[in-house]
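# How does the following fold in three dimensions:
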Amino acid sequence: MCYKTVESKRNKELAEIMKMNRNDHEMEVQPSYNINAFSNPSIHIIAQDEPDYITTATWGLVPFWGQRDPATFLAKNNYTLNARGEDFWETKSYKPYVQEGRCVMLFDGFYEPHTIYQKDKKKPLKQPYFCYIPEDGKDFNDRKQLQIGGIYSKVGGEYYVTLVTTEANDLFAKIHNAKKRMPLVLDDKLVKEWIAPNQSKSVIDDLVRDGFTSQQMHAHAVTNDIYKTDFLRDGKENIEPVAQLEKII
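Below is the predicted model:
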């Protein structure tokens, strides 16, 4: 599952890259190399009901039974940060929002854990990998914008989102080897289909299953500090490569 991401661009820069407008009421989202879903941060999205704008949302979908007090719901519940795309039609928290509450979440990278099982030790090691798409001919310092499938609820005009995951491809099955999942990084040609209104269930299911980007994703091991609960640094040093503890790619 995906709970740690990177967005290194400020609102204005991101809007210029995406060639889109910004909503006048949106709050400024600070660039960070350590976005932690469990803190319910503000992030950038493009929502189905406002497809011509980049706006801000809180990471953590609030289902209908929590909407009287979203802050209290999110403080007590962290299970709406990721949604399994294969299951969201049957999941009570997400089912009411799948048809007309889809969005894309805008990041330029994310972290996934690789699990290393050790003989004679009950607890395995976890090594995070930074995952991204480099600009043509460049490295991890120059990254393309990722558009990741999401679902949102809306409370008092504010968006609350969950990130959609799908079955891992060959690369992510090696990286996220414990659960074999990956975020639904949408192919550029399919983003409009994902947020188009009145899509059928079959089209949405096809996008979950086959909509992953055709561009080659890259990944490298980074500091394990990123998964420490008291690690707050959000600078570029977080994505610097380190040695792999186990050779996988």
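# Name the next helix or strand following the lowest-mean-pLDDT helix or strand in the chain along the chain.
In the chain, no helix or strand scores lower on mean pLDDT, DSSP states H and E than strand 21-22, which sits at a mean of 77. Following strand 21-22 in sequence order, the next helix or strand is strand 32-36 (DSSP states H and E).
# Listing partners with orientation, what would you give for that following strand?
strand 4-7 (antiparallel) (DSSP bridges).
# Name the next helix or strand downstream of the partner strand, please.
Strand 4-7 is succeeded, C-terminally, by helix 11-18 (DSSP H and E).
# Which residues outside the top helix by length along the chain are in contact with it?
Longest helix in the chain by number of residues (criterion: DSSP state H): helix 201-210. The contact list for helix 201-210, computed with Cβ atoms under 8 Å, 6 or more residues apart in numbering, reads 85-86, 89, 98-99, 102, 149, 164, 166-167, 184, 186, 190, 193-194. For the C-beta atoms, the positions are set from N, CA and C on the backbone; glycine is no exception.
# for stretch 171-185, same thing?
Contacts of stretch 171-185 (Cβ under 8 Å, 6+ apart): 1-2, 84-85, 110, 112-115, 129, 131, 146-149, 163-169, 207-208, 211-213, 217, 219, 248-249.
# Could you rerun that using 7 Å?
1-2, 85, 110, 112-115, 129, 146, 148-149, 163-169, 208, 211-213, 217, 219, 248-249 (Cβ atoms under 7 Å, 6 or more residues apart in numbering).
# Stretch 146-161 too?
In contact with stretch 146-161 (Cβ under 7 Å, 6+ apart) are residues 45, 47, 55, 57-63, 67, 70, 83, 88, 94, 97-98, 101-108, 133, 162-164, 183-186, 191, 194.
# Which residues belonging to that stretch are considered buried?
For stretch 146-161, the neighbour count (16 or more other Cβ atoms under 10 Å) marks 146-155, 158-161 as buried.
# Now the most centrally placed residue in the chain, what are its backbone angles?
Against the mean C-alpha coordinate of the chain, by Cα atoms, centre = their mean, the closest residue is residue 163 at 5.1 Å. Per-residue torsions, residue 163: phi -90, psi 130 (degrees, to the nearest 10).
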